[in-house]
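K.L.:
no FASTA, just this:
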C-alpha cells in the first residue's frame, strides 16, 4: 500500500512522517500524549506568580498594558496564518508563533485574574489597636495553634468605628474556657483587636495576604465571657452549617477521644476538637495531610462509591439481563453526587473545593468516554481552580496536591510495563510502596520549603495508614451516612473509629522514633519558583512536533539547571545576623552557638519563627540562655564582632525606653525599642529602630555589609500591596 502523507496546513504542528499500513504503532509517552493542555495552567501560573511577586500594587497602566498585549496576541496568529498560507512563512514557524502568542496571552490573563480577584475580595482592614466591645455573628469556630478556641465573626460592629472602617470579618481567640456559641448566633464580647500581622522577617510568610483573600480584617483575643445578643435563624447557609456542627459533635461523642475528633474532621471538616498535641504528632509523622479533607479523601470516597455502584450494576446486568446498561457511566454519576454531598457536608473549604474539582473532572471524563486519570484531566482541574481563586497558587495545599497527582500519573506508564513481570500477590503491596514513594518525593521539597521540616519516616507512616483509611475510615463514613436515617450508624462509626485509632497510634509511634523530624533552614524566595518551573520543563511534553527530540532535550537540560540552581541557592543562603520584630519587642542575634534572643520570654511568635527558620529546634528560653546578652531585662546589651569592627546592640523595652533621654553612640551601636524614643543621639554611629520607625519598616533583617550594616525591611518604600 502506498504511504499516506499528512498534508501540512493550518493547525498542523509540523508535517507528519510517512506511515505504512503495516507499521506497528509506537506507544506515545503520557507527557507527549497529553499535548499542550497541561501547559495552560503552567502559563497561567507564571502570570499569577509574577503578579504576586510585584513589590507595589499595579495601577491602571499595568492592566492597560496587559489588555493591549492580550489583544495583540489574539490578532497576531491570524496574520501569521495568512503568511503561512501564502507561502511567505513556514508552517513550523507559524505554529511556534501561535504558541508564543498563546503563552503571552495566558500569562497576561493570569496576572489580570489575580488583580481582579484581589480587588473583588477587598474589605476594610483595621488600621489601629482596638480595645472595647465587639458585636457580630458567629460564622466559624476553630482551634488555634496554642489550643485556644477561636470565633470567626461577620456583620461586625465596633464602638466609635464607622462602618466604612469596620472589618468585614474578625477572628477572636477565647482565653478562658467557656460554652461556645453556635454558628449563626449573634454575640457580644470585649476584645483586643489589631490588624493581621505581617511577616516575622523579610521574605517570610505574610499572613496579611492570606487574611486579605479571606476577608479577615482584624484578629485578637478576649478574656471576657461571650454574651448572646440574638439566637440564630433557621434559614440560610448557616442553618446547614449548624447541622454540620451537630453531626460533628455527635460523631465525637459516639466515637470518643481524639479518634472521634479526627473522624469528625475527616467527614465534616470540623477540626476544633483536635488538640495541638495530636496535630504535632501528625506533622512529625507526615500524616497531617490526612486530617484535612483533601484529594486523598475525596478520591477514596468517590472511588468506593463508584466501585460499589458498578458492582451493583454488574450484578443487575447478570440477573436482569440489562446488557446495554452503561453501568460505568451511571456509577460515575452516582460517585459525583456522593462527592458533591461530601463537599457540602465538609463545609466547602478551599482545599475541599479544589479536591472536588479534581475528582469531578475525572468522573465527568468517565461519563464522556475519556481517560479518567491523565495529565489533561489534572490540567483542566488546575485551570478551573486558578480561574476561580488565583491566590491558590501560593498555597502549599495546591502545590503539593497537584505535584503528587502529576507525579503519580507520570509513573503510571512505567508501572504498567513492570507490573506484568511481578507475581500477582505482590502487585498491590508494590503499587502501594511505589505510589507512596513517588508522592513523598514529589511533595517533600515543597513541604520543606513551606514548613521548614522533613519527616524522615513519613513514607513508613503513610504505608501503614493510607490503606487503613481507604479500607475502614472512608467506607465507614459512607456506610454511616447511608445507615444513619435507619438509626444503624453505630457499627459503621465503630469501624471508622477503629481506623482513626490505628492512625493515631502509628502517628505517635513514628513521631517518637529517633530522628523522626529534622528542621531545615528557610530558603530564599527564589527557590520555590525555580524548583516549580524547572520541574515543569523537565517532565511536561513538547510544544511542537518538528525538532521535538533536540528541543525537548534542551528544555529538559534547562529545567534541570533551574532545579540545580534552586538547590544551590538554598544550600548557599545565609541567615540574617540580626533580626528585629515589627513591634520592637524582640531582637535576636546569630552566633556560632545559634541565634540568641535578648529575652527568655516575650516577643510573641516572632522569636520561635526565627529559630525554626534557622533550622533550630530550641525553644526561646533555651536559646536565650546562650551567652551574649547582659543587663536588666528592660535594657539588654550585646557586643558583636564584625569584619570591619565591633557593634553594640541595645534593646530598650517598657518604661526603661521612656526614661532614656540621651543615646551615647561613641561606638557603632544599634538601638532597638518597643516605644517611640525622643532621646538625643550623642555621636554619629547610632542606628535607631524605635517603634515609630518599625511601624513604617516592619520587621527588619540586619547583616554586615561592605559599607556598614545592611538593613532589609519587610515593608519597603512605595505604595505596597493591597494587603500591606
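P.N.:
Great, that's in hand. These numbers were taken from a predicted model, which means no experiment stands behind them.

K.L.:
Could you use CA atoms for every contact and neighbour count after this?
P.N.:
Noted.

K.L.:
where in the stretch 351-500 of the chain is pLDDT low?
P.N.:
Residue ranges of the stretch 351-500 of the chain with pLDDT under 70: 351.

K.L.:
got it, and the chain?
P.N.:
Counting by pLDDT under 70, the chain contains low-confidence ranges at 1-35, 235-237, 293-296, 321-323, 347-351, 541-549, 682-684, 707, 718-719.

K.L.:
so what are the domain limits for it?
P.N.:
32-120, 130-232, 261-519, 527-572, 578-713 (automatic domain parsing).

K.L.:
a markdown table for the ones you listed, including mean neighbour count and distance to residue 243?
P.N.:
Output for the domains of the chain, formatted as a markdown table (neighbours: other C-alpha atoms under 10 Å; distance: least, C-alpha to C-alpha, whole Å):
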| stretch | mean neighbour count | distance to residue 243 |
| --- | --- | --- |
| domain 32-120 | 18 | 30 |
| domain 130-232 | 19 | 10 |
| domain 261-519 | 19 | 9 |
| domain 527-572 | 18 | 41 |
| domain 578-713 | 18 | 35 |
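
K.L.:
Can you convert these into a markdown table and add a column each for distance to residue 249?
P.N.:
Output for the domains of the chain, formatted as a markdown table (distance: least, C-alpha to C-alpha, whole Å):
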| stretch | distance to residue 249 |
| --- | --- |
| domain 32-120 | 35 |
| domain 130-232 | 12 |
| domain 261-519 | 8 |
| domain 527-572 | 40 |
| domain 578-713 | 31 |
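
K.L.:
And residue 667, its phi and psi?
P.N.:
For residue 667, the backbone dihedrals (degrees, to the nearest 10) come out as phi -120, psi 160.

K.L.:
What distance do you get for the closest residue to it other than its chain neighbours to residue 628?
P.N.:
Spatial nearest neighbour of residue 667, excluding adjacent residues (C-alpha to C-alpha, 6 or more residues apart in numbering): residue 685 at 6.1 Å. Per C-alpha to C-alpha, to the nearest Å, residue 685 is found 21 Å from residue 628.

K.L.:
what residues are up against residue 199?
P.N.:
By C-alpha atoms under 8 Å, 6 or more residues apart in numbering, the contact set of residue 199 is 205, 206, 207, 699, 714.

K.L.:
next one: residue 340
P.N.:
Listed by C-alpha under 8 Å, 6+ apart, the contact partners of residue 340 are residue 356.

K.L.:
Check residue 152 too.
P.N.:
By C-alpha under 8 Å, 6+ apart, residue 152 lies in contact with 138, 139, 140, 141, 169, 170, 171, 172.

K.L.:
How about residue 477?
P.N.:
Applying C-alpha under 8 Å, 6+ apart, the residues contacting residue 477 are 267, 492, 493, 496.

K.L.:
between those, which is closest to residue 607?
P.N.:
residue 267 (36.1 Å; C-alpha to C-alpha).

K.L.:
Not counting its neighbours along the chain, what's nearest that closest one?
P.N.:
Leaving aside its sequence neighbours, residue 267 sits nearest to residue 346 (C-alpha to C-alpha, 6+ apart; 6.1 Å).

K.L.:
Help me confirm that the one you found comes into contact with residue 263.
P.N.:
No - look at residue 346 against residue 263 with C-alpha atoms under 8 Å: they stay out of range, at 11.8 Å.

K.L.:
Tell me which other helices or strands whichever helix in the chain runs longest touches.
P.N.:
Of all segments of type helix in the chain, defined using DSSP state H, the longest is helix 91-120. Under the contact criterion of 3 or more C-alpha pairs under 8 Å, 6 or more residues apart in numbering; DSSP states H and E, helix 91-120 touches helix 39-53, helix 60-85.

K.L.:
Same list, those, but as CSV with distance to residue 358 please.
P.N.:
Shown next, in CSV, are these (distance: least, C-alpha to C-alpha, whole Å):
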stretch, distance to residue 358
helix 39-53, 14
helix 60-85, 28
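
K.L.:
Residue 705 is nearest to which of those helices?
P.N.:
Among these, helix 39-53 comes nearest to residue 705, with 25.5 Å by C-alpha to C-alpha.

K.L.:
what does the closest one rub up against?
P.N.:
Residues from elsewhere that reach helix 39-53 (C-alpha under 8 Å, 6+ apart): 103-104, 106-111, 113-115, 379, 382-383, 386, 390-391, 393-394, 536, 540.

K.L.:
again, but for stretch 111-125
P.N.:
Applying C-alpha under 8 Å, 6+ apart, the contact partners of stretch 111-125 are 44, 47-52, 63, 66, 164-168, 195, 212-218, 387, 389-391, 722.

K.L.:
Next, residue 360: secondary structure please.
P.N.:
helix (DSSP: H, G, I helix; E, B strand; the rest coil).

K.L.:
That one: what's its closest spatial neighbour, skipping adjacent residues?
P.N.:
Nearest to residue 360 is residue 336, by C-alpha to C-alpha, 6+ apart, at 6.1 Å.

K.L.:
OK, contacts around the one you found?
P.N.:
Residue 336 neighbours (C-alpha under 8 Å, 6+ apart): 302, 359, 360, 363.

K.L.:
now, which of the residues you listed sits nearest residue 607?
P.N.:
Nearest to residue 607 among these is residue 359, at 41.1 Å by C-alpha to C-alpha.

K.L.:
Contacts only, for the closest one.
P.N.:
Residue 359 makes contact with 295, 298, 299, 302, 336, 339, according to C-alpha under 8 Å, 6+ apart.

K.L.:
give the contact list for the second one.
P.N.:
Right, residue 298. Shown in contact with residue 298 (C-alpha under 8 Å, 6+ apart): 339, 342, 355, 356, 359.

K.L.:
One more pass at 10 Å, please.
P.N.:
266, 304, 338-340, 342-343, 352-353, 355-360, 474 (C-alpha atoms under 10 Å, 6 or more residues apart in numbering).

K.L.:
Can you name the next helix or strand after the longest helix of the chain?
P.N.:
Scanning forward in sequence from helix 91-120 by DSSP states H and E, the next helix or strand is strand 130-143.

K.L.:
Pull up the pairing partners for that next one, direction included.
P.N.:
strand 149-158 (antiparallel), strand 186-194 (antiparallel) (DSSP bridges).

K.L.:
how about the ones you listed in TSV, adding distance to residue 76?
P.N.:
Converted to TSV, the strands paired with strand 130-143 look like this (distance: least, C-alpha to C-alpha, whole Å):
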stretch	distance to residue 76
strand 149-158	48
strand 186-194	51
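
K.L.:
which stretch among those strands comes nearest residue 467?
P.N.:
With C-alpha to C-alpha as the criterion, residue 467 lies closest to strand 149-158 of those, at 32.4 Å.

K.L.:
Helix or strand next in line after that closest one, which one?
P.N.:
By DSSP H and E, the next helix or strand past strand 149-158 is strand 169-174.

K.L.:
Just checking: what are the partner strands of that following strand?
P.N.:
Short version: by DSSP bridges, strand 169-174 pairs with strand 149-158 (antiparallel), strand 216-222 (parallel).

K.L.:
quick one on the thing from earlier: list just the one of the helices and strands packed on helix 91-120 that sits closest to residue 513.
P.N.:
Closest approach to residue 513 among those (C-alpha to C-alpha): helix 39-53, 38.4 Å.

K.L.:
can you give me the angle the closest one makes with helix 91-120?
P.N.:
Relative orientation of helix 39-53 versus helix 91-120 (axes from the mean of the first three to the mean of the last three C-alpha atoms, to 10 degrees): 50 degrees.

K.L.:
was I right about residue 522 contacting residue 572?
P.N.:
No - Residue 522 is beyond contact range of residue 572, at 11.6 Å (criterion: C-alpha atoms under 10 Å).

K.L.:
I'd like to know how far the residue nearest to residue 575 when sequence neighbours are not counted sits from residue 607.
P.N.:
Excluding its sequence neighbours, the residue lying closest to residue 575 (C-alpha to C-alpha, 6+ apart) is residue 614, at 6.9 Å. As judged by C-alpha to C-alpha, residue 614 and residue 607 stand 11 Å apart.
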